[in-house]
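[1] Model the structure of this input:
(one chain, ligands or ions: 2)
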Amino acid sequence: HQLPTDLFTAIENLKQELNAVVLAHYYQEGDIQDVADYIGDSLGLSQKAANTDADVIVFAGVHFMAETAKILNPNKLVLIPDLDAGCSLAEGCPPEEFSRFKERYPDHLVVSYINCTAEIKAMSDIICTSSNAVKIINQTPEEQPIIFAPDRNLGRYVMKETGRDLVLWEGSCIVHETFSEKAIVQLKTTHPEAEIIAHPECEEPVLRHANYIGSTTRLLKYSQDSSQKEFIVATEPGIIHQMQKATPEKTFIPAPAMNNCACNECPYMRLNTLEKLYLAMKNRSPEVTLPEEIRQAALKPIQKMLAMS
Ligand code: 13P
Ligand code: SF4
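    Ligands and ions are numbered 1, 2, ... in the order given. Got it, this is the predicted structure:
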């Protein structure tokens, strides 16, 4: 395959040709963010997917995100640059095991983080994202027992914020769990003015040091609104592309991971490249599909989330 020399123009042309919208998550590489029509956190992206009048949705993110777009738009073509772009949270919560787990708590409401497969969504009562999890739990009756899956770190954070006791599925994000409390504290000694901003998927010892905790969109907004000039960013460093664009005069330092390894980039998100995005649009493949029965069952808790957000 001969690739066009100017991929940006080629992608713009394909957008017109297909009547396509390109949605991208903040953890995508900078080039993909620059070609996207909309960049957002998981909630923003699903709201955008629910309201688009494009015929084709090109989803530059991981599989569960594109799948959510398909659940909301069964008659649209949903393309993803790389079908293997998974997520450790989705993979760490297999449907059969989750079904057995659920059986142990028959009276519990199931609130699932959007980072899960359609099968898990189909077994859930309400979906939430990192930006609305607290708000959604607070809208359930106080005496209602709840299972929260699959991220134990977000679950623990929500428990702390709401004062509720949740039954947690023990899943985690391989990116956010690698941040090192020790390395962050050390970094802070040489950057005493820097504010630590963190995603709630981080482990509790890291969250304890955070000046601000929020979803990717909230972290971006906070970095713009804060009077501070320097930030230690404890989430996937793809977000720094937008932070730097919005406030070029500020400094953003990616939070260090254990042993200072470069493992804070999400290997799943980074499977997507601008070349693969172009090829997906050109070939109208790979396409995200799912069985209609699961789609319908997964749609209900997503709609509930959108109504409660
Ligand atoms: P948000 O963008 O919703 O904060 O999610 C972060 C994440 O890890 C997505 O996979
Ligand atoms: Fe999943 Fe973590 Fe990657 Fe987000 S950053 S897609 S939660 S593995």
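[2] so how far is stretch 214-222 from its chain's centroid?
    Taking Cα atoms, centre = their mean, to the nearest Å, the mean C-alpha location of stretch 214-222 is offset from the chain mean by 12 Å.
[3] How much space separates the residue nearest in space to the middle of the chain from Ile232?
    In the chain, the centroid-proximal residue (Cα atoms, centre = their mean) is Ser42; its distance is 4.6 Å. When distance is defined by Cβ to Cβ, to the nearest Å, Ser42 is 23 Å away from Ile232. All C-beta atoms are positioned from the backbone trio N, CA, C, and that covers glycine.
[4] Show me what the one helix or strand Phe64 maps to packs onto, helices and strands only.
    Applying DSSP states H and E as the criterion places Phe64 in helix 63-72. Judged by 3 or more Cβ pairs under 8 Å, 6 or more residues apart in numbering; DSSP states H and E, the packing partners of helix 63-72 are helix 42-51, strand 56-60, strand 77-79, helix 118-122, helix 292-308.
[5] if you set the cut-off to 10 Å instead, what comes out?
    Contacts of helix 63-72 with other secondary structure elements, assessed using 3 or more Cβ pairs under 10 Å, 6 or more residues apart in numbering; DSSP states H and E, are made with strand 20-25, helix 42-51, strand 56-60, strand 77-79, helix 88-91, helix 118-122, helix 292-308.
[6] nearest to Ser131, of the ones you listed?
    Of all those, it is helix 42-51 that lies closest to Ser131, at 4.8 Å by Cβ to Cβ.
[7] The closest one vs strand 20-25, what angle?
    With axes from the mean of the first three to the mean of the last three Cα atoms, to 10 degrees defining the directions, helix 42-51 sits at 170 degrees from strand 20-25.
[8] in helix 42-51, what's buried?
    42-49 (16 or more other Cβ atoms under 10 Å).
[9] from what I can see Ser172 touches Ala149, true?
    No - under the contact definition of Cβ atoms under 10 Å, Ser172 does not touch Ala149, with a separation of 11.8 Å.
[10] what does the chain put close to ligand 1?
    Remark: the part of the chain in contact with ligand 1 comprises 41-42, 115, 129-131, 173, 199, 201, 215-216, using Cβ under 6 Å from any ligand atom.
[11] quick one: which of these has the most company?
    For those, the largest number of neighbours (other Cβ atoms under 10 Å) sits with His199, at 29 neighbours.
[12] Any residue of stretch 175-182 touching ligand 2?
    Yes - shown here: stretch 175-182 in contact with ligand 2 (Cβ under 6 Å from any ligand atom) through Val175.
[13] And the helices in the stretch 201-309 of the chain, which stretches?
    For the stretch 201-309 of the chain, the helices identified by DSSP state H, counting those that start in this stretch occupy 204-207, 216-225, 240-246, 274-283, 292-308, in order along the chain.
[14] Export those to TSV and append columns for mean pLDDT.
    What follows is the helices of the stretch 201-309 of the chain, written out as TSV (pLDDT from 0 to 100):
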stretch	mean pLDDT
helix 204-207	98
helix 216-225	98
helix 240-246	98
helix 274-283	98
helix 292-308	98
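[15] Show me what from the chain comes close to ligand 2.
    The chain comes close to ligand 2 at residues 27, 62, 87-89, 115, 173-175, 201, 236, 266, 268-269, as judged by Cβ under 6 Å from any ligand atom.
[16] and with 5 Å instead?
    Counting by Cβ under 5 Å from any ligand atom, the positions of the chain adjacent to ligand 2 are 62, 87-89, 115, 173, 175, 266, 268.
[17] between the residues you listed, which has the most around it?
    Ranked by the number of neighbours (other Cβ under 10 Å), those place Leu89 first, at 28 neighbours.
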